[in-house]
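Student: Model the following, please.
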Amino acid sequence: MRILFIKFLIILIFFNFKIANSEVFIKAKINDQIITNIDVKDEKNYLLALNPGLKNLSNEEINRYALDSLINEKIKKIEIEKRFEILVNNKMINKIISDLYLGIGLADIKEFERHLKNFDIDMDLVKNKISVEIAWNDFIFNNYNKAILIDEDKIRVKIKELSKKNLVENIFLSEIIFTVKEGENLNNKLNQIKNSINDIGFEETAKIYSVSESRKNGGKIGWVFKSQLSNKILNEIEKIDIGELTDPITTPGGFILLTINEKKNELIQINENEQFKKAVKFEKNRQLTMYSTLQYKRAYNKTLINEF
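Tutor: The predicted structure follows:
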């Protein structure tokens, strides 16, 4: 018995020595789940592989971004797994992977795999991360789709008015939707975002700070008619020019910053049915994003987070 105990001690000491040598240590604990420095390193490499502009940040800033990204992912996984298992949807995953590599100027999946290898990242990690995002979107849709309220009559009236005009103003918008954590100061968070925009641009900043699905595209919403926007958003948009930022617009669970990338006046002939479908989809996505932000904030507030 004594010999077995001594052997156990030797194994334990050897294991701790190996761990110490490889310098593995805990960076954060999310409820009962841990994030190590190795996890942060992998996340940092993953983010740099997909967002080349991040290399302009300091090492400290990138590490902070990587840790926040992992915390965000852990909170979503915990919330999802309370209700259902995260399943792999290969068809959707492959579509998103295609969008990812095309978005950074790569031609095909083989080139993307070589690119990831340069950052010591394998495809399984990418697929796992995408699976969490797909599951989160499904979770939000299943829980809030029936809560979406769309005034279709109001949309039809706006489109009818739009169809009477020969010249229509079209604007290309981008957004950053962000939350302010308990104990965090709004002005401090806003200054962080503005400083980041000055350093690395709006697109890369959106990928870091935005909680909206649009962050994957650098915050781009795309071309919209002004008539599609709510009065609250339109009032703020009217105050800015191309490249400028709106003041933070309050939404349930967070805030929106908007910028205008381009403007154009178009001579168009409106297809009312097609435009109606686009307007309904736009409003539905807007409300789902709002519910996603609200759900994440609730999950965050009830999660025990310790950083070391």
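Student: N143 should be in a strand, yeah?
Tutor: No: N143 sits outside any strand when classified using DSSP: H, G, I helix; E, B strand; the rest coil, being helix.
Student: That one: how many residues sit nearby?
Tutor: Around N143 there are 13 other residues, counting by other CB atoms under 10 Å. Placement of C-beta: from N, CA and C, glycine included.
Student: The helix or strand harbouring E169: which residues count as buried?
Tutor: Under the criterion of DSSP states H and E, E169 resides in strand 167-178. Within strand 167-178, the residues that count as buried by 16 or more other CB atoms under 10 Å are 168, 171-178.
Student: ok, the residues you listed vs T259, which is closest?
Tutor: S174 (5.3 Å; CB to CB).
Student: what's the spacing between that closest one and I208?
Tutor: 14 Å (CB to CB, to the nearest Å).
Student: swap in G243?
Tutor: 19 Å.
Student: more crowded one of these two?
Tutor: Between G243 and I208, I208 has the larger neighbour count (other CB under 10 Å), namely 24 against 10.
Student: Test my guess that that one contacts N195.
Tutor: No: between I208 and N195 there is no contact under CB atoms under 8 Å: 11.5 Å.
Student: that older thread, what pLDDT, on average, does the helix or strand that comes right after the strand holding E169 get?
Tutor: As assigned by DSSP H and E, the chain's next helix or strand after strand 167-178 is helix 186-200. Helix 186-200 carries an average pLDDT of 91.
Student: what does helix 186-200 contact?
Tutor: For helix 186-200, the surrounding residues in contact (CB atoms under 8 Å, 6 or more residues apart in numbering) are 53-54, 56-57, 176, 178, 180, 204-205, 208-209, 245, 248, 255, 257.
Student: quick one: it to strand 167-178, angle?
Tutor: Counting by axes from the mean of the first three to the mean of the last three CA atoms, to 10 degrees, helix 186-200 lies at 110 degrees to strand 167-178.
Student: Give me the contacts around the next helix or strand after helix 186-200.
Tutor: Sequence order places helix 202-209 as the next helix or strand after helix 186-200, per DSSP H and E. For helix 202-209, contacts defined as CB under 8 Å, 6+ apart pick out 51, 53-54, 56, 65, 174-176, 178, 192-193, 196-197, 214-216, 218-220, 259.
Student: In this structure, which strand is the longest?
Tutor: Using DSSP state E to define each element, the chain has its longest strand at strand 254-267.
Student: For it, which residues meet the burial criterion?
Tutor: Buried residues in strand 254-267 (16+ other CB under 10 Å): 254-261.
Student: can you list the domain ranges for this structure.
Tutor: Domains of the chain are assigned by automatic domain parsing as 24-146, 150-301.
Student: Between its first and last residues, how far does the shortest one reach?
Tutor: Looking back up the chat, that one is domain 24-146. Separation of the first and last residues of domain 24-146 by CA to CA, to the nearest Å is 46 Å.
Student: Could you report the neighbour count for K220?
Tutor: Look at K220: counted by other CB under 10 Å, it has 17 neighbours.
Student: beta partners of it?
Tutor: S174 (DSSP bridges).
Student: Could you pull up the contacting residues of it?
Tutor: If you count contacts by CB under 8 Å, 6+ apart, K220 has them with 172-174, 203, 214, 261.
Student: Looking at pLDDT only, which of these scores worst?
Tutor: Of all of these, S214 carries the lowest confidence score, 86.
Student: ok, the buried residues of strand 167-178 vs I75, which is closest?
Tutor: Of the buried residues of strand 167-178, the one sitting nearest to I75 (CB to CB) turns out to be F178, at 15.4 Å.
Student: residues touching that closest one, list them.
Tutor: Per CB under 8 Å, 6+ apart, neighbours of F178: 189, 193, 209-211, 254-255, 257.
Student: any low-confidence regions in the stretch 151-300 of the chain?
Tutor: 166, 267-268 (pLDDT under 70).
Student: Isn't E266 up against I171?
Tutor: No: the pair E266 and I171 does not pass the contact test of CB under 8 Å, sitting 11.0 Å apart.
Student: would you turn the contacts of K220 into TSV with distance to K76?
Tutor: TSV is the format used below for the contacts of K220 (distance: CB to CB, whole Å):
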residue	distance to K76
F172	29
L173	26
S174	23
E203	23
S214	17
N261	29
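Student: for these, which one is nearest E133?
Tutor: E133 lies nearest to S214 out of the contacts of K220, by CB to CB, at 12.8 Å.
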